[in-house]
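1. Give me the fold of what follows.
(one chain, ligands or ions: 2)
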Amino acid sequence: MSPVGLFGGTFNPVHLGHISVADQVLRYFPLEKILFIPSYIPPHKNASGVAPVEHRLRMLEIACEGRPAFEISDIEARTPGPSYSVVTLEKLKKARPQEEFFFIAGADAFIEIETWKDYRRLLQECSFIVVTRPGFGIKSIERVVERITPGKYFVAGENAPVKKAELTAGGVFVLEVETPDISSTIIRERIKAGQSISGLVPPAVEKYIEENKLYR
Ligand code: ATP
Ligand code: MG
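-> Ligands and ions are numbered 1, 2, ... in the order given. Just a heads-up that it's a prediction; the model follows:
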């Protein structure tokens, strides 16, 4: 079985925080690749202000260029209606039987897991890699883990990369690292206000947003 990370989100737009998460997960976990899965209409967010899915997919493609371990899946993006992780996981398991999946989530997303559809089943059927985010440190993750999972919990970081055997044992893995303090919300707000977003997204994504007049 080939271990693969599933990185879901709105990616509205993809930014250097997302890329840093994926790069660091690959650095500390023996995953073969990371599948970016942009959602169609996010169940936990207001759908207004979300760029059309074709643009979000295209920006991801541009951002992932030159990183062969990054793959983009349109499994949610092209399925109208809310995207649920537990449903996506079931579909992916059927479609890709040789792969073992690990959900990747930033701490801010993970601490909401109790609001996700069938989250207990999801936790049983899939391991998680939770990455700290500015403002959402290890404590915020631990509080939730204590409530929802009965056991296996590991912390990885600078001096503690995870080995393949540890990974296949399953559980909730926390990656305590620094990621840039960037959010898609900030990027959309800056564009609306006519401010520069350089340094927040890859240059080619910045150019794409400009050319297509997105988020104005
Ligand atoms: P928005 O402001 O629209 O919510 P976002 O920046 O949070 O956008 P999402 O598409 O919501 O981006 O996030 C997708 C996933 O990436 C989530 O699991 C989120 O926690 C994670 N993530 C996004 N930015 C960071 C970051 N800077 N550091 C760590 N994790 C991040
Ligand atoms: Mg978010």
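
2. So for V155, what's the nearest residue that isn't a sequence neighbour?
-> V174 (4.8 Å; Cβ to Cβ, 6 or more residues apart in numbering). Using the backbone N, CA and C atoms, a C-beta is placed for each residue, glycine as well.

3. which residues touch the one you found?
-> V174 is in contact with 129-132, 138, 141, 145, 153-156, counting by Cβ atoms under 8 Å, 6 or more residues apart in numbering.

4. tell me the least confident of these?
-> When these are sorted by pLDDT, the bottom entry is Y153 at 81.

5. That one against V145, yeah?
-> Yes - between Y153 and V145 there is a contact under Cβ atoms under 8 Å: 5.4 Å.

6. Mind checking which of these two has more residues around it?
-> V145 (22 against 16; other Cβ atoms under 10 Å).

7. Report the central residue of the chain.
-> Residue closest to the average C-alpha location in the chain (Cα atoms, centre = their mean): F7, at 3.3 Å.

8. Just to check, that one is in contact with V21?
-> Yes - counting by Cβ under 8 Å, F7 touches V21, with 7.2 Å between them.

9. pLDDT below threshold where in this protein?
-> Low-confidence segments of the chain (pLDDT under 70): 41-48, 150-151.

10. Would you check how far apart the residue lying closest to G171 once chain neighbours are set aside and F102 are?
-> The shortest distance from G171 to any non-neighbouring residue, by Cβ to Cβ, 6+ apart, is to K152 (2.8 Å). As defined by Cβ to Cβ, to the nearest Å, K152 lies at a distance of 13 Å from F102.

11. Compare these two (neighbour count), which wins?
-> F102 (22 against 13).

12. so that one sits in a helix?
-> No - under DSSP: H, G, I helix; E, B strand; the rest coil, F102 sits outside any helix and is assigned strand.

13. May I have the beta-bridge partners of it?
-> Beta-bridge pairing for F102 (DSSP bridges): G5, S127.

14. With V131 instead?
-> Taking DSSP bridges, one finds G106, L175 as the beta-bridge partners of V131.

15. how about it, what does it touch?
-> V131 is in contact with 21, 24-25, 104-107, 174-175, 177, 179, counting by Cβ under 8 Å, 6+ apart.
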